[in-house]
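Student: kindly generate the corresponding structure for this input.
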Amino acid sequence: MITIAVLTLSDKGAKGEREDKSGPAIADMLKGLGEVKYYDILPDERDLIKQRLLEYVNEVDLILTTGGTGLSPRDVTPEATIDVIEREIPGIAETMRMESLKKTNRAMLSRAVAGVKGQTLIINLPGSPTAVRENLEVIIDVIPHAIEKIKGDTKECAR
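Tutor: I've put the predicted structure just below:
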């Protein structure tokens, strides 16, 4: 059973001015994959995001963020994630962007990243519930395998 943290990044959500629909969408999609141990909403503050990611790292196998991956000045989730990760996994973010481009040309503006810190996989997802579902749907099947490898599984991967 994979342990999961979901972190929504939204200034308005953190103030209670906007209902978070993306975090619950993530939790709903992951029901069969594992247990969501943590769910939080934070403002778009790089240091706060970094601190929370570091708190989660020793507690869960998977951290999924939602929001803060665009171009507005307050969108700092990728930077906070890069501050934390030890190894980037560019193929995850590239695949999400590639598949999203089939639906909207705005997908090319996503700055989402994915990577590893210790034995935890961290993936940035977009902020909208629709985009969360579309992006997570593309990568959800590889998450268990990625986590097995991150944790040191030595079985052959060849197909």
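Student: avg pLDDT for stretch 18-28?
Tutor: The average pLDDT for stretch 18-28 rounds to 97.
Student: can you pull out the residues in contact with it?
Tutor: Stretch 18-28 is contacted from outside by 4, 6-8, 10, 12-13, 36, 39, 41, 64, 66-67, 125-129, 132-133, 136, using CB atoms under 8 Å, 6 or more residues apart in numbering. For the C-beta atoms, the positions are set from N, CA and C on the backbone; glycine is no exception.
Student: of those residues, which belong to helices?
Tutor: 12-13, 129, 132-133, 136 (DSSP state H).
Student: whichever of these end up buried, select them in PyMOL.
Tutor: Buried members of these, defined by 16 or more other CB atoms under 10 Å, are picked up in PyMOL with:
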select buried, resi 13+129+132+133+136
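Student: which of the ones in helices among the contacts of stretch 18-28 sit farthest apart?
Tutor: Distances among the ones in helices among the contacts of stretch 18-28 were taken as CB to CB; the most separated pair is K12 and L136, at 22.2 Å.
Student: which stretches of the chain form strands?
Tutor: 2-9, 34-42, 62-66, 87-88, 114-117, 120-125 (DSSP state E).
Student: got these as a markdown table, with mean pLDDT and mean neighbour count columns?
Tutor: Formatted as a markdown table, those follow (pLDDT from 0 to 100; neighbours: other CB atoms under 10 Å):
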| stretch | mean pLDDT | mean neighbour count |
| --- | --- | --- |
| strand 2-9 | 98 | 23 |
| strand 34-42 | 97 | 17 |
| strand 62-66 | 98 | 27 |
| strand 87-88 | 98 | 12 |
| strand 114-117 | 98 | 21 |
| strand 120-125 | 98 | 26 |
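Student: residue contacts, the closest residue to I122 other than its chain neighbours?
Tutor: Leaving aside its chain neighbours, I122 sits nearest to I63 (4.6 Å; criterion: CB to CB, 6 or more residues apart in numbering). Contacts for I63 (CB under 8 Å, 6+ apart) come out as 4-7, 53, 56-57, 120-123.
Student: for R74, state which of those residues is nearest.
Tutor: L7 (15.6 Å).
Student: surely that closest one and D40 touch.
Tutor: Yes: with contact defined as CB atoms under 8 Å, L7 reaches D40; the gap is 5.5 Å.
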